[in-house]
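>>> 3D, please:
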Amino acid sequence: MSRSPSENEVREVSSRTVEIFSSYSLRCCLFGSVACNLFGVTRTPNDVDLIVFTDQYDQEELKQILVNEDSDFFLVDSRNPHADYRVLWYSLRPSRRGNPRSCKVDILIPGILNIPDVPRRRVKWIDELPVMPLVPLILLKLQGWSDHRASHREDMQAKQHVDVQDLDQLLQIAIERDQNVWQQNLSWMPRELIDEAQSRVYEFIEDLADFDDDWERLGFDV
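The predicted structure is shown next:
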């Protein structure tokens, strides 16, 4: 099995992806494990999750832009025979034994998976990379935990434990920064996103009661 991407490699792939979309005047930001890592979560990300704020292109067209602009990007068929999409990867330096290595790149647009449309001035820049603000990042991570927990697939269910570890660190970072879901500079967030997060918070603390104070400090009822 080939070695997973390093933190630096994942950041380099992120930077190259952002660079190409910027050349098309397409605004974007990172979320998922890369964004968590940039905010200070210690887990090394193993793929890139990027939101592109556009209504000009769909996800498959955005992937094709990357493939056309850089030959290190490539598409493979999904393992799901019923899927109507292809999976995007970026070629990395081969292993010492010459085995091919790659980094998965997920491209999404607002509305998919309840992803909000983040205003340009609210996107955070960390280490010269655009990142989703901390609080909505936490809400999407919480949504991921709930989805993984409810999945019928064992590999997806296993991810819930990693989600909890990420959420633990993200919540501490948010509290240290006095972040709150109701703060003025987050008034752009859809109320539906917050309401759904509240339901998931109840679900979360039912299993993990030690987190109730953290969620309350973030602005949720417990």
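
>>> now the element after the lengthiest helix in the chain, going C-ward?
Across the chain, the helix with the greatest residue count (assigned by DSSP state H) is helix 154-176. Using DSSP states H and E, the helix or strand that follows helix 154-176 in sequence is helix 191-207.

>>> pull the residues that contact whatever helix or strand comes next after that following helix.
Using DSSP H and E, the next helix or strand after helix 191-207 towards the C-terminus is helix 212-217. Identification of contacts with helix 212-217 by Cβ atoms under 8 Å, 6 or more residues apart in numbering yields L171, Q172, I175, N180, V201, F204, I205, V222. C-betas here are computed from N, CA, C, even on glycine.

>>> any stretches of this protein with poor pLDDT?
1 (pLDDT under 70).

>>> dead centre of it: give me the residue that sits there.
The chain has G32 as the residue nearest its centroid, 1.8 Å off, counting by Cα atoms, centre = their mean.

>>> excluding sequence neighbours, find me the nearest residue to it.
D49 (3.0 Å; Cβ to Cβ, 6 or more residues apart in numbering).

>>> helices along the protein, start to end?
7-23, 32-39, 59-69, 134-150, 154-176, 191-207, 212-217.

>>> other residues contacting stretch 64-76?
Taking Cβ under 8 Å, 6+ apart as the rule, stretch 64-76 contacts 16-17, 20-21, 23-24, 57, 63, 86-91, 102, 105, 107.

>>> now with 6 Å, please.
I20, R86, V87, L88, W89, Y90, S91 (Cβ atoms under 6 Å, 6 or more residues apart in numbering).

>>> the nearest residue in space to the last one that is not next to it in sequence and V13, how far apart?
Spelled out, it's S91. In this structure, S91 finds its nearest non-sequential neighbour in D72, 4.5 Å apart by Cβ to Cβ, 6+ apart. Between D72 and V13 the computed distance is 9 Å (Cβ to Cβ, to the nearest Å).

>>> kindly report the same for S151.
26 Å.

>>> the more surrounded of the two?
V13 (26 against 14; other Cβ atoms under 10 Å).

>>> the more buried one is in contact with D47, isn't it?
No: assessed by Cβ atoms under 6 Å, V13 is found out of contact with D47, at 8.7 Å.

>>> circling back: how about residues contacting the longest helix of the chain?
Against helix 154-176 from outside (Cβ under 6 Å, 6+ apart): 36, 39-41, 134, 138, 141, 144-145, 148-149, 151, 214, 217-218.

>>> between those residues, which is nearest L186?
Closest to L186 out of these is L134 (9.6 Å), distances taken as Cβ to Cβ.

>>> gap between the closest one and V181?
11 Å.

>>> for C103, give the beta-bridge partners.
Counting by DSSP bridges, C103 is bridged to Y90.
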